Every structure is written in structure tokens, then in C-alpha cells.
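Visitor: No sequence on hand, only this structure:
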């Protein structure tokens, strides 16, 4: 067989890469580039960032992909610049300008409008989004000039902080629940101010408990002599869950999928909560579990035993 056509052998790589996604790159393209640099066999991301957006994009490799869903459910934080007085068909800088208006608003007016968007609100998802209708993403309909009815969804804006305003650019800091579109938030703020708006810039700064502290660029990853050392451990995704330490005998039963009555094990410290926990043998993550009534530990997602 031709050597050049032989399939590349990928490595079993486990961990989490906190990528600083650059502007202009889709989340999937960023994942493909990182996966190639690390020569990783299995990878996935934890919810997309729009191509025009930058910042924290956690990428999961190997065993970490089993827990990526947890980040999809997590709260997220952003820094954003809203361009007041101009609307686009996409709600961001990538679209065509639809309308330009004069902007004549004060900081007091802005603060009063921002107050309306804090807490539980309803949002209509944008046409330029990956949500599907009849198996087809909404953005494909939008590119064909078709606008479909979309139901408003409940989201929560935990924090909406005024940073600065130099007309027409309004800087904000936002922390929100899953499913929130910051593009729509920016457009709705512009609408409430009577001048319209679109997002000029968007940077994600936090996903769940993950922050920008260990974030690196694709260039830094590619240039590093030992790029695998830049990965955070798999349990970086689970740091908000209480930990349960098992002994060797219980760990074996846990990895076999058995429910464990921890209340009958005096040597085991049981967290005083019910719900999801992360489970260890010494410092080795075994997986996640549900700690149920009467301290029953029910295995949920398990780490493959062969992975160190």
C-alpha cells in the first residue's frame, strides 16, 4: 500500500483543553485543528461559539467527552460590545446592515433598560442559529430568505453589568443560563432603547466553573514542545460536584456498575448532599454517580479502566 495513503494512527488522549477561540473560525474548525495538533483519536466541544466570537471554548478529548454534556447545561459569562443604532440580518458583524439610526441615549436611559433584562426573561431564538426545524438548521432557511415562526424560550440573565459607553458602542458583562443568545440580548436592548443594535464583539470568559486562567491559543498549542501538558485533567469538567473517595474493593464494584450502600461503609466519608458526585480511588477519577437517599451510590458515567 502507498505509504502516503496509509491511515494516520491517532493517540488515546484524555483531558480538557481550554482554547481561546480566534475570531473568524467556527467551533468545529477550531476543534479539528486542536485535534490534529494533539493527534487525538476522539474529541468534542462543549457548545459552540459563533465564528465572530472569541474566548473560552472547552474542548474535550477521550474520556472527557463522556462529561461534555455537563458544560452544555452550565451557566456562561461573556464580555460584549453592542453597536447601537445599526441592525444587521444576523444580529452581529457578519450580516448585512438592515437599518441605521441616530443614537441619542444617556447612560441613565441605558441603565434603566438593562434593568428590564435582568433575571428570568423570554428570548426568541434568531433565524441565524443552528436550531433545527424539520431536520434543517434555521440558518439554512435564513440564507434562502425564509423567516420561520420561532417560539420564545425561557432563559435567565444572572448578571448584566454596564461597563462603559462611548457612542455608539456599549460595553457589557453578562452571565446567563444555557440557551441564551447574546446576539438576541443585544438586539433586544437596542430595540428597547429605540435605536436598534447588533453585536460588534463577543468574548466568552467562563463556562460553568471553567475560567480563562489556563486558556491558550491554537498558535501556542502548535508551538509548544509538549502540547499534551497543556491539557487540564478530565475532572476539570466536574469540579462543582462533591467528591466521594472509595476503597479498592468498592471501586471495583463501582466500575462494574453496582449500586453501593455507602451508609453501611464506616470507612467512607459520605457528602451531606444528594445528587451528582464525582467518584475517586485515591486521585484517580472513576466516573460520576448519583448519591441517592440512604447514601446509595448509583454509578452514572464511568471512566474506562485501561485509561491512566
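Guide: Received, thanks. Source: prediction; values computed, not measured. Numbering: from 1, shown residues only.
Visitor: Roughly how far does the closest residue in space to residue 276 that isn't next to it in sequence sit from residue 223?
Guide: Computed as C-beta to C-beta, 6 or more residues apart in numbering, the closest residue to residue 276 that is not its neighbour in sequence is residue 241, at 5.1 Å. No exception for glycine: its C-beta is placed from N, CA and C like everyone else's. Going from residue 241 to residue 223 by C-beta to C-beta, to the nearest Å gives 34 Å.
Visitor: So for those two, which residue has more residues nearby?
Guide: Neighbours were counted for residue 241 and for residue 223 using other C-beta atoms under 10 Å; residue 241 has more, 21 against 10.
Visitor: Report the contact partners of the more buried one.
Guide: 275-278, 288 (C-beta atoms under 8 Å, 6 or more residues apart in numbering).
Visitor: Next, it: phi, psi?
Guide: Dihedral angles of residue 241 (phi, psi; degrees, to the nearest 10) stand at phi -90, psi 140.
Visitor: what ranges do the helices span in the chain?
Guide: Using DSSP state H, the helices found in the chain span residues 27-38, 68-72, 107-116, 138-143, 182-193, 218-223, 248-255.
Visitor: List the buried residues for the fourth one?
Guide: This means helix 138-143. For helix 138-143, the neighbour count (16 or more other C-beta atoms under 10 Å) marks 138, 141-142 as buried.
Visitor: Of those, which one scores lowest on pLDDT?
Guide: Within these, residue 142 has the lowest pLDDT, namely 81.
Visitor: Report whether the expected contact of it with residue 125 is present.
Guide: No. Residue 142 lies out of contact with residue 125 (C-beta atoms under 8 Å); the separation is 11.4 Å.
Visitor: residue ranges with poor pLDDT in the stretch 201-308 of the chain?
Guide: Residue ranges of the stretch 201-308 of the chain with pLDDT under 70: 305-308.
Visitor: if I look at residue 267, how far off is residue 127?
Guide: Taking C-beta to C-beta, one finds residue 267 at 58 Å from residue 127.
Visitor: Those two - which one has more neighbours?
Guide: Neighbour tally, residue 267 and residue 127, criterion other C-beta under 10 Å: the higher count belongs to residue 127, 20 against 9.
Visitor: which residues does residue 276 bridge with?
Guide: Note on residue 276: beta-bridge partners by DSSP bridges are residue 290.
Visitor: Can you get me a residue count around it?
Guide: Around residue 276 there are 16 other residues, counting by other C-beta under 10 Å.
Visitor: same check, this time on the one 5 residues further on
Guide: Residue neighbour count, defined by other C-beta under 10 Å, stands at 16 for residue 281.
Visitor: okay if I get the helices of the chain as TSV plus distance to residue 50?
Guide: Formatted as TSV, the helices of the chain follow (distance: least, C-beta to C-beta, whole Å):
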stretch	distance to residue 50
helix 27-38	8
helix 68-72	16
helix 107-116	22
helix 138-143	10
helix 182-193	7
helix 218-223	17
helix 248-255	40
